[in-house]
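>>> what would the 3D arrangement of this be:
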Amino acid sequence: MLRDAAPRMAYVMPDFHNPTGTLVGDEQRRALVETARASGTVVVADETMAELVLDADTTMPRPMAAFDRGGTVITVGSASKAIWAGLRIGWVRAAPDVVRRLVSARAYLDLGSPVVDQLAVAWLLRGGGWDQAVATRRARAAEHRDDLVAALRAQTPDWEFTVPGGGMTMWVRTGDVSGSRLAVAGERLGVRVPSGPRFGVDGAFESYVRLPFTVGGATAVEAVSRLAAAARIVRSGGGSDAEGAGLFVA
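Residues are numbered from 1 along each chain as shown. Next comes the predicted model:
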């Protein structure tokens, strides 16, 4: 595609991709950067999930920029995934001339990031608190993931998924149930999940939904129970007028 279309920019998420949870290996990263350089394409590598390694046996590949020798890769990251969703501070790593152009362009787009949030992230990075905060985030996400997996295996055994080694989302194939119809029925029962076609074009991924690791314990069990009920409603061809109890899985 890069050779045929030669796009000016390609946006990729190689580290625990959203929604699939895929971790791209070194050789694929190298091949992408080399092909992009040959086609004149800038690669924007989203590393917002790179810190969220949930399994001890997961070996992280080198960053996409490690394979870049000519300013082909621009890397973006964010504290909102690694630390806390409310801490909406991000960063860009790129060649110096690209950074200068971005800084110049930004002056016409906004007034800057919140000062207090910037100070909080700087304090975490300089004072050693970053590693502690990330470790806490990882432990909570791993617990939520495991609770979600256990509930899915118990209540929806015909659904298929690969347990990701990190990130915040799991890509689930819903068997004979339409992901779009499941999302509609699930919202009526109080669970809000995005269906597969939201992540594709022309109706692709109709048999999938994205499930995040945002809740754990009894809440995760209840969320899956409601999704299982929604699947039964879809299979029966019926609808539901029941109002949900305020449970949302975004």
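
>>> per the annotation, how does the chain divide into domains?
What automatic domain parsing lists as the domains of the chain is 2-127, 140-236.

>>> sketch out the low-pLDDT regions of the protein for me.
239-250 (pLDDT under 70).

>>> downstream of the lengthiest helix in it, the next helix or strand is which one?
Determined from DSSP state H, the single longest helix within the chain is helix 129-155. As assigned by DSSP states H and E, the chain's next helix or strand after helix 129-155 is strand 160-161.

>>> the next helix or strand after that next one pairs with which strands, parallel or anti?
Toward the C-terminus, strand 160-161 is succeeded by strand 169-173 as the next helix or strand (DSSP H and E). Strand 169-173 pairs in its sheet with strand 160-161 (antiparallel), strand 208-212 (antiparallel), by DSSP bridges.

>>> can I get the ones you listed in CSV including distance to Asp147?
For every residue, glycine as well, the C-beta is placed using N, CA and C. What follows is the strands paired with strand 169-173, written out as CSV (distance: least, CB to CB, whole Å):
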stretch, distance to Asp147
strand 160-161, 14
strand 208-212, 12
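
>>> nearest to Ala183, of these?
Closest to Ala183 of these is strand 208-212 (CB to CB; 6.4 Å).

>>> distance between the closest one and the chain's centre?
Distance of strand 208-212 from the chain centroid (CA atoms, centre = their mean, to the nearest Å) equals 11 Å.

>>> name the element Ala113 belongs to?
You called it Ala, but residue 113 is Ser. Counting by DSSP H and E, Ser113 is part of no helix or strand.

>>> how far away is it from Val224?
From Ser113 across to Val224, the span is 37 Å (CB to CB, to the nearest Å).

>>> who's more crowded, those two?
Neighbour count, other CB atoms under 10 Å: between Ser113 and Val224, Val224 has more, with 25 against 14.

>>> sorry, back to before: hey, which of the strands paired with strand 169-173 is tucked in deepest?
Highest mean neighbour count among these (mean count of other CB atoms under 10 Å): strand 208-212, with a mean of 24.

>>> helix, strand, or coil at Pro19?
Following DSSP: H, G, I helix; E, B strand; the rest coil, we place Pro19 in the coil state.

>>> next, work out how far apart the spatially closest residue to it that is not a sequence neighbour and Met64 are.
Distances taken as CB to CB, 6 or more residues apart in numbering place Arg210 nearest to Pro19, at 3.8 Å, with adjacent residues excluded. As judged by CB to CB, Arg210 and Met64 stand 23 Å apart.

>>> what do you get for Leu125?
Remark: distance between Leu125 and Met64 (CB to CB) = 21 Å.
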